[in-house]
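A.B. asks: build me a model:
(chains A and B)
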Amino acid sequence: MTAIKISVAFVGRLLLSFLFAIFLAGSISAAVQDKTILVAASDSAFEQQEQSASHKEEGKFNAGEMIMEHVVDNHEWHVAEIGSLHLTIPLPIILLYESKLYTFCSSRFHNETHSYMGFKLEQEGPHKGKIVRDGDHGSVTEHPAVYDFSITKTVLAILMSSFLLILIFVSVARAYKRNRDKAPSGIQSLLEPLIIFIRDDIAKSSIGEKKYEKFMPFLLTVFFFIFFNNLFGLIPFFPGGANVTGNIAVTLVMAVFTFIITTVSGNKHYWVDIINTPGVPWWLKLPLPLMPIVEIIGIITKPFVLMIRLFANITAGHIIVLGFISLIFIFGEMNAAVGYGVSVFSVAFMIFMNLLELLVAFIQAYVFTLLSALYFGLATIEPEHH
Amino acid sequence: MELITPGLGLIFWMTLAFSFLVYILGKFAWKPILQMLKERETSIHEALNSANKAREEMKQLQFSNEQLLQEAKNERDAMLNEARKVRDKLIEEARIKASEEASRIVESAKASIQNEKMAAMTDLKNQIAENSLTLAKFVLKRELSDPLKQEEYVQELLKEVKFN
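C.D. replies: Residues are numbered from 1 along each chain as shown, chains lettered A, B, ... in the order given. Below is the predicted model of the structure:
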């Protein structure tokens, strides 16, 4: 009962947040003629004017730029914009430059030159959003490289979702201890089917009864991390909205984890199959080791595909939804009435896409976990005795 | 912050956060949860097994109960039969004994009747003889002239004689 209530409340809140976003988008679209939503957060009225002027010069609403800005990582968390007031959470900047550590707040970049302590936040070009040494321009470097370890929007989202995951699952674990040998209750009963699903249908069926246990912590963590972050990515404002699982660095790290675990737990049979694949004609292995090369490439492509699949699916979903929002502004620039007319269809498609994304959120988490489990299963399979 | 080039800082933080997450969740969440799930499953499995066993035992018990009941019934029947036989035999014996006794009693009664009869006859004979003698005595006492009177007297005397 509680579980159903929670999930209903959750979906309801999600829909409500979408409606709110739509309302927000609608109210902004009215003011879009003389303003742009693309201005970075600002501290002074002067900068505001300067920026809106520069944007006017540049041209009007740039959908591609807006979408990219929402999909990629950022050094600050733009929460909302009400009129000319920008609600932005400044995030800490941590830089490693010539083996020295520089830490300051990202709001320091809010000045005319967008630079502080000799570091500059690129505003234009292919390296937009990157921190470089003053005087450098993207790849044109005169100075040593600046290593950026800042707590960016994505890092903060990762930390927050990790904290939430720990909070939820440790409390669920406590509920299991409390309700020993009793029926699950509350959030425990909401998550238990998922845990059992991962254990029985993913781990046991792909790795096998005997060896699945040591892979369970990783599989469960990766599933819930992806699933939760996918869902948070669908929430359009502050606690959510960060494109965590649609960030290639995040998927890269998870894929590397899968790769390392597969490689470390690979048994003799696994390596023999790679170097000396059975059932393959000898001339594919000697003098030119074609088959081993293909197999070794296969080891790398497996996690690579994992990385690309999750990243592409989630990013594509975000881009489509943002594209529908952009349509409103593009048509709104022609004529406010047309903008409102298009908004009806855009919103309808957005709701449809968001529902689809809810499904994708689960499916991608499932696919990543299942494929990881399959790779672990391949690495630990025992040779059949005939 | 390009779309398809992973940022170094993000890789660093993600690796840190994710390793930490796997470790913490693995130690404080997944381990107890999976252990409890397993425990619950085994306990359910055991409960089902023992229920099955109990049912089997119940069946066995019922069967043996029925068997016991049947045996008891058989025994009772046997005992009843035995008793009936004993009773019949007893009755038969009693009857035979009774009839023997009866015939013996009858026999002895007959014998004693015979004896009594003989005694009575003897007694009667004796009495008749005595009476005849007394009669003769009285007759002899009277004169024997008048034969009519004699006759009358005899009659009179005879009236007096009473066979008791």
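A.B. asks: okay, now residue B:106: neighbour count?
C.D. replies: 10 (other C-beta atoms under 10 Å in any protein chain shown). From N, CA and C alone the C-beta is placed, and that goes for glycine too.
A.B. asks: is the helix or strand harbouring it anywhere near chain A?
C.D. replies: Using DSSP states H and E, the element containing residue B:106 is helix B:31-141. Yes - contact between helix B:31-141 and chain A is present through B:31, B:32, B:33, B:34, B:36, B:37, B:39, B:40, B:43 (criterion: C-beta under 8 Å from any C-beta of the partner chain).
A.B. asks: give me the buried subset of these.
C.D. replies: Listed as buried from those are B:32, B:33, B:34, B:36, B:37, B:40; burial here means 16 or more other C-beta atoms under 10 Å in any protein chain shown.
A.B. asks: show me what contacts the second one?
C.D. replies: Residue B:33 makes contact with A:169, A:172, A:173, A:176, A:195, according to C-beta atoms under 8 Å, 6 or more residues apart in numbering or on different chains.
A.B. asks: on that earlier part again, could you give the angle of the next helix or strand along the chain from the helix holding residue B:106 to helix B:31-141?
C.D. replies: Where DSSP H and E defines the elements, the next helix or strand beyond helix B:31-141 is helix B:147-160. Computed with axes from the mean of the first three to the mean of the last three C-alpha atoms, to 10 degrees, the direction of helix B:147-160 lies at 160 degrees from that of helix B:31-141.
A.B. asks: now do helix B:147-160, average pLDDT.
C.D. replies: Mean pLDDT, computed over helix B:147-160, is 80.
A.B. asks: pLDDT value on residue A:299, please?
C.D. replies: 91.
A.B. asks: can you pull out the low-pLDDT segments for chain B?
C.D. replies: In the prediction, chain B carries residues with pLDDT under 70 at positions B:1, B:142-145, B:163-164.
A.B. asks: go with 80
C.D. replies: Filtered on pLDDT under 80, chain B yields the residue ranges B:1-4, B:137-147, B:149-150, B:153-154, B:157, B:160-164.
A.B. asks: picking up where we left off before, ok now the helix holding residue B:106, how far from the chain's centre?
C.D. replies: The gap between where helix B:31-141 is centred and where its chain is centred comes out at 9 Å by C-alpha atoms, centre = their mean, to the nearest Å.
A.B. asks: same deal with stretch B:17-32?
C.D. replies: Per C-alpha atoms, centre = their mean, the centroid offset for stretch B:17-32 relative to its chain is 79 Å.
A.B. asks: likewise stretch A:329-349?
C.D. replies: With C-alpha atoms, centre = their mean as the basis, stretch A:329-349 stands 28 Å off its chain's centre.
A.B. asks: make JSON lines out of the buried ones among the residues of helix B:31-141 next to chain A and add distance to residue A:213.
C.D. replies: Output for those, formatted as JSON lines (distance: C-beta to C-beta, whole Å):
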{"residue": "B:32", "distance to residue A:213": "14"}
{"residue": "B:33", "distance to residue A:213": "13"}
{"residue": "B:34", "distance to residue A:213": "8"}
{"residue": "B:36", "distance to residue A:213": "14"}
{"residue": "B:37", "distance to residue A:213": "12"}
{"residue": "B:40", "distance to residue A:213": "16"}
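A.B. asks: how deep is residue A:129 tucked in, by neighbour count?
C.D. replies: 17.
A.B. asks: give me every residue in the stretch 51-200 of chain A lying close to chain B.
C.D. replies: Proximity of the stretch 51-200 of chain A to chain B (C-beta under 8 Å from any C-beta) is limited to residues A:68, A:71-74, A:94, A:126-130, A:147-152, A:154-155, A:158-159, A:162, A:165-166, A:169-170, A:172-173, A:176-177, A:180-181, A:192, A:195-196, A:199.
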